[in-house]
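Q: show me the folded form of this:
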Amino acid sequence: MRTVCAMMALCSLIVFAGCDQKPANSSEAMGRVKAAIRINNPTERDDALGPACRGAAKIGAVDAVKKGLAGIGNPTLRDEVASDSALSLRDSGQSGAAAEVTNFIGNPTQRDNILKKLAAP
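A: Alright, predicted model coming up:
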């Protein structure tokens with residue numbers, strides 16, 4: 001049993017080790033998000049979805065970002081990832097999508113702060 005657990009942990013590390021890097025395209029970004037969503041352990045799933053969403057946002061893969069954010073169970077982490085993703089989408093020229101992503105931020109003060117940043121010239 002320990003061997004199986006160790007192998008699963010090793011596979012998770014291998015699969016998600018490169019997730020801090022930007023995906024090559026929207027399809028790869030969605031693939032990373034879909035893989036992360038399939039992780040059974042909620043904490044590990046959230047830990048994998050954070051970098052997958054951030055990477056997707058960096059390349060403007062809005063659908064992958066939204067799908068990933070919807071899968072994050074930890075509200076604090078979801079707020080952080082949504083905030084980062086909104087700013088990255090703005091930086092990639094997708095201000096409308098960035099504003100939509102702020103709907104995933106549950107903390108009203110944090111959401112307002114990000115909206116102010118999005119509205120700034």
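Q: distance of A99 relative to I114?
A: As judged by C-beta to C-beta, to the nearest Å, A99 and I114 stand 9 Å apart. Placement of C-beta: from N, CA and C, glycine included.
Q: and the residue nearest the centre of the protein?
A: Among the residues of the chain, the one closest to the centroid is C53, at 2.0 Å (C-alpha atoms, centre = their mean).
Q: that older thread, for A99 and I114, indicate the residue with more neighbours.
A: I114 (24 against 16; other C-beta atoms under 10 Å).
Q: the helix or strand the more buried one falls within packs against which elements?
A: Element membership for I114, per DSSP states H and E: helix 108-119. For helix 108-119, the packing partners by 3 or more C-beta pairs under 8 Å, 6 or more residues apart in numbering; DSSP states H and E come out as helix 75-91, helix 95-101.
Q: ok, S83 touching L115?
A: No. S83 is not in contact with L115 according to C-beta atoms under 8 Å; the separation is 10.3 Å.
Q: higher neighbour count, those two?
A: Legend: neighbour count by other C-beta under 10 Å for S83 and L115, higher for S83 (20 against 15).
Q: residues contacting the more buried one?
A: The contact partners of S83, by C-beta atoms under 8 Å, 6 or more residues apart in numbering, come to T102, I105, Q110, I114.
Q: so where is this structure shaky, pLDDT-wise?
A: Across the chain, residues meeting the criterion (pLDDT under 70) sit at 1-20.
Q: try 80 this time
A: Low-confidence segments of the chain (pLDDT under 80): 1-21.
Q: off-centre distance for stretch 104-115?
A: Relative to the chain's own centre, stretch 104-115 is displaced by 16 Å; criterion: C-alpha atoms, centre = their mean, to the nearest Å.
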